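Chemist: Sharing a model that was predicted from the sequence below.
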Amino acid sequence: MKYLSIAAAAAAATSTPASAQVVEVTPPESMQRSAPALADYTKNTLFGDVWQREELSLRDRSFVTITTLVALGKTDPLRSHINRGLDYGVTPVEIAGIITHLAFYTGWPNAVGSIAVADEVFAERGIDASELQTIETERVALPSDDDQRAQGVEQSMGPISPALAKYTNGVLFQDLWRRGDLSARDRSLATVVALTANGNADQLGFHLQRGIQNGLTRDELGEVMGHMAFYAGWPKAFSGANAIGDLED
Amino acid sequence: MKYLSIAAAAAAATSTPASAQVVEVTPPESMQRSAPALADYTKNTLFGDVWQREELSLRDRSFVTITTLVALGKTDPLRSHINRGLDYGVTPVEIAGIITHLAFYTGWPNAVGSIAVADEVFAERGIDASELQTIETERVALPSDDDQRAQGVEQSMGPISPALAKYTNGVLFQDLWRRGDLSARDRSLATVVALTANGNADQLGFHLQRGIQNGLTRDELGEVMGHMAFYAGWPKAFSGANAIGDLED
Amino acid sequence: MKYLSIAAAAAAATSTPASAQVVEVTPPESMQRSAPALADYTKNTLFGDVWQREELSLRDRSFVTITTLVALGKTDPLRSHINRGLDYGVTPVEIAGIITHLAFYTGWPNAVGSIAVADEVFAERGIDASELQTIETERVALPSDDDQRAQGVEQSMGPISPALAKYTNGVLFQDLWRRGDLSARDRSLATVVALTANGNADQLGFHLQRGIQNGLTRDELGEVMGHMAFYAGWPKAFSGANAIGDLED
């Protein structure tokens, strides 16, 4: 049983183990044989260059990659990236936290499929399931202007879909967003990645701003889009980056 | 061999068997072990609260869930939700009707994968395949203003893509939309759900209005978005709900 | 080892073997049994009509279908359509080229999953892997106005995401777009299809115009959308066709 305190979560966030370095990647044999150019891009551009950039920690690159794969429902590559993430400092509780968060932001089916993969990796690595049974000793505080957001949802969405307004304010923000398995900064990061990966750039403005409130920098967010181009595709990353450009200073 | 008559279809629509109640759900063991918070949301929020709301019949909730899963190509959870839908009053002919409709609205690959799952469930439950071989005794009438829609497509799309204009008017509306395996109301519902799940909210306006012509209420549509938030993710549901809000009174 | 020269690629493009004809399709038994109407549309509309239209060569229809399936991550139907494409004149090098191109335009996971399928088909058909090991004897020229595009990216994207600007100009356009495994015309076609299939119609304007520069005709592009309606769904095809309509004359 693990006790989640906010201070500890904040301290843990973004810390890559000092010993971590980008593990060399051997592209799959099918790729080397049938698409040698793609194998070359994988080895030399993606892992030999993108993953080496210091503008984002290895831990954050893994966090972003795992979140993208969950958002896209890509359970095959998710397995190796959960392993990589655990090596780079993403904790098991955080991986479960990402998947739980994305149940809401990308739908239950993605989360159910992803947790089955994570559960297998955790077992293979001998991670004690009791570590994933958490008790929250305090809850994450929402920003001071969250009341305004809640009233906006109630007024604009309440008359259209009482259910959606109810679960948005009562469960999504007052419960999920206040959980201690992800720091506020990481929860914003997961949300920005999920919206970008699924092509909901029109809803990024609010979450980019909240992410900056929660400690993400514009430089980090820009680097996230460069990284995501390789995992969610160029068009999604361009839409995401444009949403950053549209933020007021 | 089943004879499809429109009157019968309309009578059957939205009828949940009187004995049906929400079957208690045990979250998968992998989830209980590795994401206990998600197991808790699944049990207490999704099945313990959302599915219990009376603003939408159990039959309609199943119809919406099945349609969402077909639209997203999520064949794993589709299996259990087809079973659930059959318990709650969605008929085998309607399930085949949803999948056929979504071949057009979300692409053939989703339909081919989904019918393979449905076929297995039908066999397991001993549903006689001859029931699914249907003969239409009459065809569903299109709304009186459909000529206007057809002319609009011919004028705007004809010069750009004669093929798309031809199949839209000749097959999609004059054939698929007139089939008796789904009532007009349910066909509109399936279309609204497919557009919402796949992020095509820009094309929802027309189909929300036609859905209301075909007997869906605004309250039902709002509740559909609250339900879909859990299966297709919050951002898609918000876009869908906003499209309802944009309808003229 | 295959030597890629641009002239040869351009000559090969769009050539369907004279002997090729649409292979009759038997819908899967699960579909015949459980969704006979869908089996009927598959046989009579999709293969009996759409695929027979002469507005697009069989080779191009296969190229578009394969690209759509890679973009959507649909590896099951991809297998039979790679086989069909090879029969209709899409070369193994072009299939690897599509998949490599879509790694960038729809994300690495789609490409990794797709190349595994292609590799199996190539082996089954006895295609010599050495044919897929290519040496470029010359590089494809970018249009004369590409400097302008590069400067635009540098100015608008550079300050937001230096990584995205760097890889867009340095890798995507100066390397991937200049590869000889796809003709310029086919690379534009693959890009238009990928953007359409993934709902990025807002970014189609630039690539439709470049496609026309590279030799695609408006009529071909319109027919592509009619074909894609069946594989990516009507709403995506409509958005794509509308983007064609928005092009300036």
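Modeler: Great, that's in hand. Residues are numbered from 1 along each chain as shown, chains lettered A, B, ... in the order given.

Chemist: now A:Met109, nearest residue through space, not along the chain?
Modeler: Quick fix: residue A:109 is Pro, not Met. Excluding its sequence neighbours, the residue lying closest to A:Pro109 (Cβ to Cβ, 6 or more residues apart in numbering or on different chains) is B:Lys74, at 4.1 Å. Glycine gets a C-beta too; all of them are placed from N, C-alpha and C.

Chemist: Spit out the contact partners of the one you found.
Modeler: Residues near B:Lys74 by Cβ atoms under 8 Å, 6 or more residues apart in numbering or on different chains: A:Gly73, A:Pro109, A:Gly113.

Chemist: Can you point out the buried residues in the strand or helix carrying the second one?
Modeler: Assigned by DSSP states H and E, A:Pro109 belongs to helix A:108-124. Residues A:108-119, A:121-122 are the ones in helix A:108-124 that count as buried (16 or more other Cβ atoms under 10 Å in any protein chain shown).

Chemist: Before we move on, what's the pLDDT of the residue most central in space within chain A?
Modeler: Against the mean C-alpha coordinate of chain A, by Cα atoms, centre = their mean, the closest residue is A:Ala190 at 3.0 Å. The score at A:Ala190 is 98. That number is its pLDDT.

Chemist: Most proximal residue of chain A with respect to chain C?
Modeler: Nearest residue of chain A to chain C: A:Gly226, at 2.6 Å (Cβ to the nearest Cβ).

Chemist: and that residue, what is it in contact with?
Modeler: A:Val50, A:Arg53, A:Ala237, C:Ser161, C:Pro162, C:Ala163, C:Leu164, C:Lys166, C:Tyr167.

Chemist: which of those lies closest to chain B?
Modeler: Nearest to chain B among these is A:Ala237, at 16.6 Å by Cβ to the nearest Cβ.

Chemist: So that closest one: helix, strand or coil?
Modeler: The local conformation at A:Ala237, judged by DSSP: H, G, I helix; E, B strand; the rest coil, is helix.

Chemist: excluding its backbone neighbours, what's nearest it?
Modeler: Going by Cβ to Cβ, 6+ apart, A:Ala237 has A:Ala229 as its nearest residue, at 3.7 Å.

Chemist: CA atoms of the helix or strand hosting the one you found as CSV?
Modeler: Assigned by DSSP H and E, A:Ala229 falls within helix A:218-232. Output of helix A:218-232 as CSV, limited to C-alpha atoms (Å, rounded to 0.1, in the frame of the first residue of the first chain):
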residue,chain,number,x,y,z
ARG,A,218,6.3,27.0,-23.4
ASP,A,219,9.6,25.6,-24.4
GLU,A,220,8.7,22.2,-23.0
LEU,A,221,5.3,22.3,-24.7
GLY,A,222,7.0,23.1,-28.0
GLU,A,223,9.4,20.2,-27.6
VAL,A,224,6.5,17.9,-26.8
MET,A,225,5.0,18.7,-30.2
GLY,A,226,8.3,17.9,-31.9
HIS,A,227,8.5,14.6,-30.1
MET,A,228,4.8,13.8,-30.8
ALA,A,229,5.3,14.4,-34.5
PHE,A,230,7.0,11.0,-34.7
TYR,A,231,4.4,9.1,-32.6
ALA,A,232,1.1,10.8,-33.6
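
Chemist: Could you give the separation of it from the chain centroid?
Modeler: Remark: helix A:218-232 is offset 12 Å from the chain centroid, using Cα atoms, centre = their mean, to the nearest Å.

Chemist: Run the angle between it and helix C:108-124 for me.
Modeler: Per axes from the mean of the first three to the mean of the last three Cα atoms, to 10 degrees, the angle that helix A:218-232 makes with helix C:108-124 is 20 degrees.

Chemist: For A:Ala163, which residues are in contact?
Modeler: B:Val50, B:Arg53, B:Glu55, B:Gly222, B:Glu223, B:Met225, B:Gly226, B:His227.

Chemist: which secondary structure element contains it?
Modeler: Assigned by DSSP H and E, A:Ala163 falls within helix A:162-167.

Chemist: Make a ChimeraX selection of whichever of the contacts of A:Ala163 turn out to be buried.
Modeler: Remark: buried members of the contacts of A:Ala163, expressed as a ChimeraX selection using 16+ other Cβ under 10 Å:
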select /B:50,55,222,223,225,226,227
